[in-house]
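>>> Structural data only, the sequence is not supplied:
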């Protein structure tokens, strides 16, 4: 596997309205702007086509889902082809009646779907009722070969799992993308807000460090929901970390932004030569990581 | 598994001379001080009994090794019993002729060895020639039941491996201890020094976050070696992180210190209830983490 070429990435951090058409139009506008500023691989935030609907459990909201291929991948595929860029689009996938996924589609520069990733780890917490909507992914952890290089894509809750980052990195990608929708409960922000953003950033930077790989996280901004009881203030903070975990681009907590960075696979090579963690993994001793909990005791 | 009681920990960050007797005497003095200040589980830095001898490959230096049980565990076991504390002691273990390990011994309050952990991941880089001295551990990742609670112990290079933290946490420990010996190459410090300490701290804080567990890292201080070409400036920076990755105690880069903190298993419970990562692990999809690299392709 030779060292690949440099590539430019762009992350679109934005707010969303309740109108899907408005969100798609805004996303396309920002993709055009990112491409004009040199971005070659452009990643949208999680479920950018709508507000974050998982705040409630409502059967009507399954109407927001669409097939893949479908309207969004057609629209964005045409844009990818026109601009000669790769687009990572997080969508609410309707796979069959009663079977829906939280799915990222990777659109290559020819407008075709290079592949899809179905979110593997599904959260379920107050205001994040995702287990109601999304069946856990069944495609495993994947890499995608694009015109500008091999990439890994994971989605939001996956970011808390070192296993997901490791399994994706071990396929050769130079970068992990994390489309995300995470925010503050208004009642928690004052006490826990800073620590939550810090934990979110730290765990993702740690994936860069553990695997010697670029990490790009893109999150939405804006308050969604009618009241402080049922609403979420999405905290943005999109960032790009280099393969040593150093942040090379950082967005605000509350503004729409396009975040750009150059990624150099030679830097991946350099970091992994100097701190060669892949060399020393004890693959003979990791088997029980597939257990739920290792609580078997000597007397059982 | 009921929620355990609170416990107090103490980390001994110190410099080492070339005289083993001096180092042991200093360690015992600091253990007494930590105990007097309330510490119940006291962790010494990696290979505290000597300077960090792995800076060169020298067959003579195997004389520094000792049996376990042996002189150090006898001395420290007596201190543990006298003070009613648990001591974690990182030692150079002579297991047999030509078979040596980097081993942590856990001494319980009765002075007996509660168990040993043999360092699983062994580095080998300029000035850290550990593969010459240490056979990789063959005991796997372990927990130890002490008077004050169940603990996990890993050693230095293990800290870069999320698998090691996960496999130890999955056995029920409320805290991971990392005795460590890491420092700056004098020629690298100006350019890379800050990023290296930051990466070291970030990866360990990430283990706290990913597993909802306390993490305590203890590192040595002081310059060892005759010249800037062959010497290492150990950067201290010992710290204790809570189960959300927040640093609750922090030592300097260059001073001898005793770092104390209270650890509350109820806090582990609280963090894991709120961000329940253990609930959603995709244990059906982690099998290939035991592969060296997942580079098998469709055409092979």
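It's in. No experiment lies behind these values; they were computed from the predicted model shown.

>>> if I look at residue A:28, how far off is chain B?
Noted for residue A:28: a distance of 33 Å to chain B, by CB to the nearest CB, to the nearest Å. Any C-beta I mention is one placed from the backbone N, CA and C, and that applies to glycine too.

>>> How many neighbouring residues does that residue have?
18 (other CB atoms under 10 Å in any protein chain shown).

>>> and the closest residue to it other than its chain neighbours, what pLDDT?
Here the nearest residue to residue A:28 in space, its sequence neighbours aside, is residue A:79; by CB to CB, 6 or more residues apart in numbering or on different chains that works out to 5.6 Å. Residue A:79 is assigned a pLDDT of 98 by the prediction.

>>> Run through the neighbouring helices and strands of the helix or strand hosting residue A:79.
Assigned by DSSP states H and E, residue A:79 belongs to helix A:71-83. Where contact means 3 or more CB pairs under 8 Å, 6 or more residues apart in numbering or on different chains; DSSP states H and E, helix A:71-83 is packed against helix A:20-36, strand A:86-96, strand A:99-107.

>>> so residue A:249 sits right up against residue A:260, yeah?
Yes. If you go by CB atoms under 8 Å, residue A:249 and residue A:260 touch, sitting 6.6 Å apart.

>>> Quickly note the distance from residue A:39 to residue B:48.
51 Å (CB to CB, to the nearest Å).

>>> Now the residue in the stretch 201-300 of chain A that chain B sits nearest to: closest residue in space, sequence neighbours ignored.
Closest approach between the stretch 201-300 of chain A and chain B, counting by CB to the nearest CB: residue A:206, at 3.1 Å. Among residues not flanking residue A:206 along the chain, residue B:206 sits closest, at 3.1 Å (CB to CB, 6+ apart).

>>> For that neighbour, what is the enclosing helix or strand?
Per DSSP H and E: helix B:189-211 holds residue B:206.

>>> who does that helix touch, helix- and strand-wise?
helix A:189-211, helix B:162-169, strand B:175-180, strand B:183-184, strand B:214-219, strand B:232-235, strand B:239-241.

>>> Tell me the residues of the stretch 51-200 of chain A that contact chain B?
Within the stretch 51-200 of chain A, the positions near chain B by CB under 8 Å from any CB of the partner chain are A:120-123, A:125, A:136, A:140-141, A:157, A:160-164, A:166-167, A:170-172, A:195, A:198-199.

>>> Show me how to select, in PyMOL, the buried members of these.
Remark: buried members of these, expressed as a PyMOL selection using 16 or more other CB atoms under 10 Å in any protein chain shown:
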select buried, chain A and resi 120+121+122+123+136+140+141+157+160+161+162+163+164+166+167+170+171+172+198+199
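
>>> a helix runs through residue A:38, doesn't it?
No. Residue A:38: not assigned to a helix; according to DSSP: H, G, I helix; E, B strand; the rest coil it is coil.

>>> is it true that it touches residue A:8?
Yes. Judged on CB under 8 Å, residue A:38 makes contact with residue A:8 at a distance of 4.9 Å.

>>> which residues do the two both contact?
Listed contacts common to residue A:38 and residue A:8 are residue A:260; contacts here mean CB atoms under 8 Å, 6 or more residues apart in numbering or on different chains.

>>> okay, these two: which has more neighbours?
A direct count of neighbours by other CB under 10 Å for residue A:38 and residue A:8 places residue A:8 higher, at 18 against 11.

>>> just checking, the more buried one is part of a helix?
No. Counting by three-state DSSP, residue A:8 is not found in a helix; it is strand.

>>> And it, how close does it get to residue B:101?
Following CB to CB, the distance that separates residue A:8 from residue B:101 is 47 Å.

>>> need the contact list for residue A:277.
Counting by CB under 8 Å, 6+ apart, residue A:277 has contacts A:210, A:211, A:212, B:160, B:161.

>>> ok, so of these, who is nearest residue B:94?
The closest of the contacts of residue A:277 to residue B:94 turns out to be residue B:161 (CB to CB; 25.7 Å).

>>> Spatially nearest residue to the closest one (excluding sequence neighbours)?
Per CB to CB, 6+ apart, closest to residue B:161 is residue B:121, 5.6 Å.

>>> measure stretch A:142-150 end to end?
End-to-end distance of stretch A:142-150: 10 Å, with CA to CA, to the nearest Å as the criterion.

>>> And that stretch, what's buried?
So, applying 16+ other CB under 10 Å, buried residues of stretch A:142-150: A:142, A:143, A:144, A:146, A:148, A:149, A:150.

>>> again with stretch A:280-293
A:280, A:281, A:282, A:285, A:286, A:288, A:289, A:290.

>>> Tally up the residues packed near the residue nearest to residue A:155 when sequence neighbours are not counted, please.
Among residues not flanking residue A:155 along the chain, residue A:119 sits closest, at 4.1 Å (CB to CB, 6+ apart). By other CB under 10 Å, the residues close to residue A:119 number 27.

>>> phi, psi of residue A:119?
Main-chain dihedrals, residue A:119, degrees, to the nearest 10: phi -40, psi 120.

>>> surely it meets residue A:158?
Yes. Assessed by CB under 8 Å, residue A:119 is found in contact with residue A:158 at 6.5 Å.

>>> shared neighbours of these two, anything?
By CB under 8 Å, 6+ apart, no residue touches both residue A:119 and residue A:158.

>>> ok, now which ones touch residue A:210?
Contacts for residue A:210 (CB under 8 Å, 6+ apart) come out as A:162, A:165, A:166, A:277, B:160, B:161, B:162, B:203, B:206.

>>> how far away is it from residue A:272?
11 Å.

>>> Then residue A:288?
27 Å.

>>> cool, residue A:252 as well?
32 Å.

>>> out of these two, which sits in the busier spot?
Neighbours were tallied for residue A:252 and for residue A:272 using other CB under 10 Å; the higher tally belongs to residue A:272 (16 against 13).

>>> Confirm for me that that one is in contact with residue A:278.
Yes. If you go by CB under 8 Å, residue A:272 and residue A:278 touch, sitting 6.4 Å apart.

>>> Residues that sit against both of these two, list them.
Contacts common to residue A:272 and residue A:278, judged by CB under 8 Å, 6+ apart, are residue A:212.

>>> and the closest residue to residue A:188 other than its chain neighbours, how many neighbours?
Excluding its sequence neighbours, the residue lying closest to residue A:188 (CB to CB, 6+ apart) is residue A:196, at 7.7 Å. By the criterion of other CB under 10 Å, residue A:196 has 20 neighbours.

>>> Including distance to residue B:16 and mean pLDDT, could the helices and strands packed on helix B:189-211 go into JSON lines?
Formatted as JSON lines, those follow (distance: least, CB to CB, whole Å; pLDDT from 0 to 100):
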{"stretch": "helix A:189-211", "distance to residue B:16": "28", "mean pLDDT": "96"}
{"stretch": "helix B:162-169", "distance to residue B:16": "25", "mean pLDDT": "98"}
{"stretch": "strand B:175-180", "distance to residue B:16": "13", "mean pLDDT": "98"}
{"stretch": "strand B:183-184", "distance to residue B:16": "12", "mean pLDDT": "96"}
{"stretch": "strand B:214-219", "distance to residue B:16": "12", "mean pLDDT": "98"}
{"stretch": "strand B:232-235", "distance to residue B:16": "9", "mean pLDDT": "97"}
{"stretch": "strand B:239-241", "distance to residue B:16": "20", "mean pLDDT": "98"}
